[in-house]
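>>> please find the sequence and the predicted model below.
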Amino acid sequence: MSTFGPRNVSDSITTMTEYVLPTHANALGNVFGGQILAWIDLCAAICAQRHAGRLAVTAEFDDVSFEAPIQVGQVVLLRARVTAAFRTSVEILVDVEGEDAPSGKRWRCAHAFVTFVAMQEVDGTLKPAPVPSLVCETEEDRALAAEANDRRTQRLARRKRRDAQRSLG
Ligand SMILES: CC(C)(COP(=O)(O)OP(=O)(O)OC[C@H]1O[C@@H](n2cnc3c(N)ncnc32)[C@H](O)[C@@H]1OP(=O)(O)O)[C@@H](O)C(=O)NCCC(=O)NCCS
């Protein structure tokens, strides 16, 4: 059991705002996908650690697709929320939007489900550690949590297949 009590979804919601500079851009002047992934990972890590009350590491990124570009001089808005808490892992949904600050126009750029595992030191080694259970507060929270078990089943099946292929090769 976790040493921490249940936590509300709203307790760990994490937002980040980034300004796209030339150093973030590809040859077309749009932000690199890899840069977006790095920001998603950071935003989700903060959210996971707020929920877990511990250090947490990235275990898996589900499929990510980039729906619309964000250009140099525009703004990237990220919002992370816990959608499910399991034994030692949490699933985090990160939504990414672009913003043209002068006009206030916003558009959907990407979203990703990321799994983090909470860690604690045991005899000098980091080991997975229990996470608090999640209290859903809204209908949207409950819908996301209800679908999370299916995503987890698929994720763990992929992990099993990868492990099996590795042991063959
Ligand atoms: C993630 C990690 C801690 C899992 O360690 P492990 O010894 O395989 O641990 P376990 O098999 O006991 O699993 C611990 C939890 O991780 C989850 N997990 C492990 N691999 C996973 C994966 N690929 N996808 C989703 N969840 C995963 C398990 O389901 C379990 O969750 P639960 O307790 O909520 O059911 C370990 O693989 C690791 O340290 N990876 C590197 C993490 C890292 O450095 N990330 C930074 C980017 S490289």
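Everything's here; your move. Numbers count the residues shown, from 1 in each chain.
>>> what does this protein put close to the ligand?
57-60, 86-89, 115, 117, 128, 155-156, 159 (C-beta under 6 Å from any ligand atom). Glycine gets a C-beta too; all of them are placed from N, C-alpha and C.
>>> what's the distance between the residue lying closest to Ile70 once chain neighbours are set aside and Arg158?
In this structure, Ile70 finds its nearest non-sequential neighbour in Gly98, 3.8 Å apart by C-beta to C-beta, 6 or more residues apart in numbering. Gly98 sits 30 Å away from Arg158, going by C-beta to C-beta, to the nearest Å.
>>> ok, the two, which is more surrounded?
Between Gly98 and Arg158, Gly98 has the larger neighbour count (other C-beta atoms under 10 Å), namely 22 against 12.
>>> what's the spacing between the single longest helix found in the chain and its chain's center?
As assigned by DSSP state H, the longest helix anywhere in the chain is helix 139-168. The gap between where helix 139-168 is centred and where its chain is centred comes out at 14 Å by C-alpha atoms, centre = their mean, to the nearest Å.
>>> list the buried residues for it?
By 16 or more other C-beta atoms under 10 Å, the buried positions in helix 139-168 come out as 141, 144-145, 148, 151-152, 155.
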